[in-house]
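J.: Here is a sequence with its predicted model. Questions after.
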Amino acid sequence: MTRSLLLGAVAALAASCAVEPTRIPDFYRASVPPGTAPGTLLRREPAPTPAANARAERIVYASIGLDDAPRAVSAVVMFPYGESASGARPVVAWAHPTTGVAQYCAPSLREDFYATVQGLPDFLARGFVVVATDYPGLGTQGPHPYLVGVSEGRAVLDSVRAARYLAEAKAGTRYAVWGHSQGGQAALFAAQLAPAYAPELSLVGVATAAPATELATLFGDDIDTPLGRILSAYTFWSWSRVYGDSTGNIVAASADVAMDDVASVCAESLLQGLVLSRDAKPLAQAFLTANPTRVQPWRSIIAQNTPGRAAVGAPLFFAQGSADELVRPAVTEAYANSLCRGGDKVRYVSMPDVPHNPAGNAAAPAAAAWIADRFGNAPAPSDCAVLLR
């Protein structure tokens with residue numbers, strides 16, 4: 001079958017059916033007892049082996065939601081077999097990019113989960129523990145607070161705490177955070193929350209690829225594109241439920257059905273991408289009736305979920321593709337500049353001709369080497385002199 005015939009067959013399949021939801025295993029249906037400390041391990045079960053000489057455990061742990069109420073969150077912890085030559089192992093907290101907003105869009109439910117953790121083989125080969133949170137509402141009970149920075153950041157930090165409950169993983173208190181796209185936003189919020197939220201842990205560095213930073217600019221840049229409409233539908237569907245605000249002042253009534261349809265589909269495969277494109281088509285004719293950056297409460301919500309420009313206090317690594325049409329290079333560079341002005345050490349890597357989706361995989365080798373240097377106590381490099389020129 002030729003490529004064009006194959007794509008035509010897949011498109012026809014997408015046009016004639018919906019993507020079936022994944023059944024949520026009972027393992028994910030955990031509750032958090034009152035008074036449970038954030039990061040407490042609630043459940044664990046063996047997961048398939050991620051690589052030779054490595055193990056994995058699927059876990060559910062306690063975190064704190066945006067409303068300061070306890071939330072159960074799922075994750076996978078991956079770690080090498082055997083003893084660690086240096087005692088406690090460093091931990092890499094992986095923050096994943098957009099997978100969807102429906103409960104069954106949890107990365108840990110995917111059969112090919114390990115392939116989605118960018119840089120995993122390198123991290124395991126270096127002897128690190130890797131913990132990959134699903135974020136609240138993916139896997140565990142929803143709604144998923146999509147692009148809600150405090151919720152994501154707490155879930156990342158609590159995943160590091162939870163990994164330390166697995167005695168065989170030998171996870172220590174020193175950790176780095178690594179995230180792509182939505183995960184880049186989560187990583188930056190985790191770093192900003194860390195000193196007050198998880199003071200017992202020691203953050204050595206934050207690595208991101210094409211992070212979602214200036215949300216107002218991103219909405220403006222992307223809303224008139226097919227992918228931008230899908231991600232905006234995810235965002236306002238989620239925020240209306242998380243914050244309890246009606247979208248009636250920014251979303252056309254005729255777009256409600258399409259927005260619900262888009263929110264029911266994950267963004268993890270070619271078929272799902274085709275179904276999303278089909279379901280989002282009505283949004284090209286009628287969607288937003290006002291600019292959300294100028295209308296309350298959305299203006300305030302956008303500001304709340306934009307990572308701060310104040311210094312993080314830990315070294316940072318930014319990787320940005322020059323061909324990225326979703327997170328524009330100028331946006332990431334401007335955000336990196338603001339951290340430089342605050343006194344942070346920023347390594348900035350521009351990746352020629354790399355678009356948005358492959359950015360995490362393209363950046364992973366350099367990010368893994370940079371993270372290894374932070375665990376090795378090497379002086380953090382800085383490109384701020386060039387960025388601020």
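T.: Received the coordinates, thanks. Numbering: from 1, shown residues only.

J.: What segments of the stretch 251-389 of the chain are helices?
T.: For the stretch 251-389 of the chain, helices defined by DSSP state H, counting those that start in this stretch occupy the ranges 256-263, 270-280, 298-304, 329-341, 359-375, 384-387.

J.: Let me see the mean pLDDT of the first one.
T.: Averaging the model's pLDDT scores along helix 256-263 yields 96.

J.: got the buried residues for that helix?
T.: Residues of helix 256-263 classed as buried: 258-259, 261-263 (neighbour count, 16 or more other CB atoms under 10 Å). In this view, the C-beta of every residue, glycine as well, is placed from N, C-alpha and C.

J.: Equivalent analysis for the last one, please.
T.: Taking 16+ other CB under 10 Å as the neighbour-count basis, helix 384-387 is seen to contain the buried residues 384, 387.

J.: and it, average pLDDT?
T.: Helix 384-387 carries an average pLDDT of 93.

J.: What helices and strands are in contact with it?
T.: Here helix 384-387 touches helix 329-341, strand 346-351, going by 3 or more CB pairs under 8 Å, 6 or more residues apart in numbering; DSSP states H and E.

J.: just to revisit the earlier point, adding distance to residue 250 as columns, could you present the helices of the stretch 251-389 of the chain in JSON lines?
T.: Below are the helices of the stretch 251-389 of the chain laid out as JSON lines (distance: least, CB to CB, whole Å):
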{"stretch": "helix 256-263", "distance to residue 250": "11"}
{"stretch": "helix 270-280", "distance to residue 250": "17"}
{"stretch": "helix 298-304", "distance to residue 250": "6"}
{"stretch": "helix 329-341", "distance to residue 250": "22"}
{"stretch": "helix 359-375", "distance to residue 250": "29"}
{"stretch": "helix 384-387", "distance to residue 250": "35"}
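
J.: What pairs with the strand or helix carrying residue 132, parallel or antiparallel?
T.: According to DSSP states H and E, residue 132 maps onto strand 129-133. Partner strands and pairing direction for strand 129-133 (DSSP bridges) are strand 70-80 (antiparallel), strand 89-95 (parallel).

J.: Phi and psi next, for the nearest residue to residue 185 once chain neighbours are set aside.
T.: Among residues not flanking residue 185 along the chain, residue 212 sits closest, at 4.1 Å (CB to CB, 6 or more residues apart in numbering). Main-chain torsions, residue 212, degrees, to the nearest 10: phi -80, psi 110.

J.: so how far is the strand holding residue 132 off the chain centroid?
T.: Put simply, strand 129-133 sits 12 Å off its chain's centre (CA atoms, centre = their mean, to the nearest Å).

J.: tell me the contacts of residue 45?
T.: 27, 57-58 (CB atoms under 8 Å, 6 or more residues apart in numbering).

J.: Nearest to residue 88, out of the residues you listed: which one, please.
T.: residue 57 (17.3 Å; CB to CB).

J.: you'd agree that closest one is in a helix?
T.: No. Residue 57 is assigned strand when assessed by DSSP: H, G, I helix; E, B strand; the rest coil, not a helix.

J.: Pretty sure it sits against residue 74.
T.: No. At 11.3 Å, residue 57 does not count as touching residue 74 under the criterion of CB atoms under 8 Å.

J.: Between those two, which has more neighbouring residues?
T.: Per other CB atoms under 10 Å, whichever of residue 57 and residue 74 has more neighbours is residue 74, with 29 against 21.

J.: Look up the closest residue to that one, ignoring the ones flanking it.
T.: Using CB to CB, 6+ apart and skipping the chain neighbours, the partner closest in space to residue 74 is residue 139 (3.9 Å).

J.: quick one: the strands in this protein?
T.: With DSSP state E as the criterion, the chain has strands at 41-46, 54-64, 70-80, 89-95, 129-133, 171-180, 202-209, 316-321, 346-351.
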